[in-house]
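Enquirer: kindly generate the corresponding structure for this input.
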Amino acid sequence: MTAKALQYFNSTRHIILYYEDIIKNRTKLLDVQDFLRVPQMDLKSRQVKIHKGSLSQQVENWDDIQNTLKGTPYESFSIRITR
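Expert: The predicted model follows:
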């Protein structure tokens, strides 16, 4: 799906960005600002993570969710979340 989207928009200026990159590497936001051609600023968020551990440990019916998604195009989402 991602490869198809990239192929479709190959002539469009774009940046590939992963949430994890922004969280682990604060300088990645500078790359985004450069891409957007906006002045670089020190960006801060007042949002804080309120849960620790994996989502599968916090959701009471996680097994039901995985069983429901199994065999669907969305199955990979539940697999990625548990890692």
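Enquirer: tell me the domain boundaries of the protein?
Expert: 2-36, 49-83 (automatic domain parsing).
Enquirer: helices of the protein, residue ranges please.
Expert: Here the chain has its helices, by DSSP state H, at 2-8, 19-24, 28-36, 55-58, 62-69, 75-82.
Enquirer: show me what the longest one is packed against.
Expert: Read that as helix 28-36. If you count contacts as 3 or more Cβ pairs under 8 Å, 6 or more residues apart in numbering; DSSP states H and E, helix 28-36 packs onto helix 19-24. Quick note: C-beta positions are derived from backbone N, CA and C, even for glycine.
Enquirer: buried stuff in stretch 61-76?
Expert: Buried residues in stretch 61-76, defined by neighbour count with 16 or more other Cβ atoms under 10 Å: Trp62, Ile65, Gln66.
Enquirer: thought the second one was touching Glu75?
Expert: This means Ile65. No: contact criterion Cβ atoms under 8 Å: Ile65 and Glu75 do not qualify, at 10.5 Å.
Enquirer: ok, so of the buried residues of stretch 61-76, who is nearest Val38?
Expert: For the buried residues of stretch 61-76, the residue nearest Val38 by Cβ to Cβ is Ile65; the value is 38.8 Å.
Enquirer: pull the contacting residues for the closest one.
Expert: Neighbour list for Ile65: Val59, Ser78 [criterion: Cβ atoms under 8 Å, 6 or more residues apart in numbering].
Enquirer: swap in 10 Å and give it another go.
Expert: Leu55, Ser56, Val59, Phe77, Ser78, Ile81 (Cβ atoms under 10 Å, 6 or more residues apart in numbering).
Enquirer: from His14, how far off is the first one?
Expert: Leu55 sits 29 Å away from His14, going by Cβ to Cβ, to the nearest Å.
Enquirer: OK, contacts around Asn25?
Expert: Contacts of Asn25 by Cβ under 10 Å, 6+ apart are Asp31.
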